[in-house]
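[1] show me the folded form of this:
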Amino acid sequence: MIHLDGATKHFGDVTAVDAASLCVERGEVVALLGPSGCGKTTLLRLIAGFERPDSGSVEVDGRRVADAVSWVPPERRRVGMVFQDYALFPHLTVAQNVGFGLPRKVRADRVDELLDIVALGGLGRRYPHELSGGQQQRVALARALAPAPELVLLDEPWSNVDPSLRESLRAEVSEIIRPLGITVVLVTHDREEAFSLADRIALMRAGAVVQQGSAEELYFAPASQWTAEFVGSANVLSGEVVDGQIVTPIGHFPANGASAAASTRVLVRPELLELRPDPTGAAEVVSREFRGHDVFYRVRLDGVELVSHRPSTEVVPLGARVSIRLHEGRVPVLD
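    Numbering: from 1, shown residues only. All right, here's what the predicted structure looks like:
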């Protein structure tokens, strides 16, 4: 549905998107995930047609819409977009917002259909200021769906919503979009949003797409230490390769072909570190944060600080000496 090949966009001396390549399959939900300023929104705007690439190409639904010589304006790309601030017209009713730009002969029926889809039936005569933030978001989504696009772009749609409401709003949007079979690209800097909604994630850094894959692939098989630490808490341990094993302070791991001459590191996720109170243990609990269903521990071992996530039913006091046991799980080699 989307194919970007080496897309680059400059704003003066700043390179916002740097030779980015991305493929999105039809009906797929893909999240553009990355820190603020990494180029996510600019990449989305290149797809929508609000920005023109300086080099590279953009294809939407098998048609080239932008390259060095061709250009298709946004209104001819059949792309729906939900902006970060929703961009609703305050002087128009909900129904008028949703039907804006639709042909008159189909407007009334289409608006009623969409308001039912987004669970706003009966609210068509209200104005945006009379709605909650979540309801405004659904109006913006209904307006994006009104022309029956095959592609919808969401630009950090929950950034202005109270954190306590985000989870329910994400679930609502997923329930609305999934049955329609529409291709969706979501921009977010929130790992939880990307993990919970997307079929696949394109991780961006400094304008480039540095890794693509499912949430599980990014979490358990990151391509770099930066990726490992961005998508979740991480213990990155240096070790020496001896007889096909990487020797670290907490255990030995398969080297997976890593050279003994290389600087070798392994990734151990915090949930794999089990702590057992032990007066003779080599590690000490130096920090403890109770988070309800789990507890976040920081443990010092031989001058190295490790993190461990344990169920709240396993109580380990602050300052306790502990021994560390590595639970079975994926321990990728980063080098």
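[2] centroid-nearest residue for this structure?
    Centroid-nearest residue in the chain, with C-alpha atoms, centre = their mean: Ala194, separated by 2.9 Å.
[3] so it sits in a strand?
    No. Assessed with DSSP: H, G, I helix; E, B strand; the rest coil, Ala194 is helix; it does not lie in a strand.
[4] and the nearest residue to it once chain neighbours are set aside, what is it in contact with?
    Sequence neighbours aside, Ala31 is the residue nearest to Ala194 in space, at 3.8 Å (criterion: C-beta to C-beta, 6 or more residues apart in numbering). For every residue, glycine as well, the C-beta is placed using N, CA and C. Contacts of Ala31 were listed using C-beta atoms under 8 Å, 6 or more residues apart in numbering, and they are Val185, Leu186, Val187, Thr188, Glu193, Ala194, Leu197, Ala198, Arg200, Ile201, Ala202.
[5] CA atoms of the helix or strand bottoming out on mean pLDDT in the chain as CSV?
    The weakest-scoring helix or strand in the chain, judged by mean pLDDT, DSSP states H and E, is strand 251-254 (a mean of 76). Taking Å, rounded to 0.1, in the frame of the first residue of the first chain, the C-alpha atoms of strand 251-254 are listed here in CSV:
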residue,chain,number,x,y,z
GLY,A,251,26.2,-16.2,33.6
HIS,A,252,27.3,-17.7,30.3
PHE,A,253,25.4,-17.3,27.1
PRO,A,254,25.8,-18.8,23.6
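[6] can you show me the helices along the stretch 51-200 of the chain?
    Along the stretch 51-200 of the chain, counting by DSSP state H, counting those that start in this stretch, helices occupy 94-99, 104-117, 133-145, 163-177, 191-197.
[7] and the protein, what are its domains?
    2-229, 234-326 (automatic domain parsing).
[8] rewinding a little: closest one of the contacts of Ala31 to Val322?
    Nearest to Val322 among the contacts of Ala31, counting by C-beta to C-beta, is Ala194 at 33.4 Å.
[9] kindly provide the distance from that closest one to Ile246.
    According to C-beta to C-beta, to the nearest Å, Ala194 and Ile246 sit 30 Å apart.
[10] pLDDT score for the residue nearest to the centre of the chain?
    Predicted confidence (pLDDT) for Ala194: 94.
[11] quick one: low-confidence parts of the stretch 151-300 of the chain?
    255-263 (pLDDT under 70).
[12] which stretches in it count as strands?
    151-155, 183-188, 200-205, 208-213, 235-242, 245-248, 251-254, 264-268, 273-277, 283-290, 294-301 (DSSP state E, counting those that start in this stretch).
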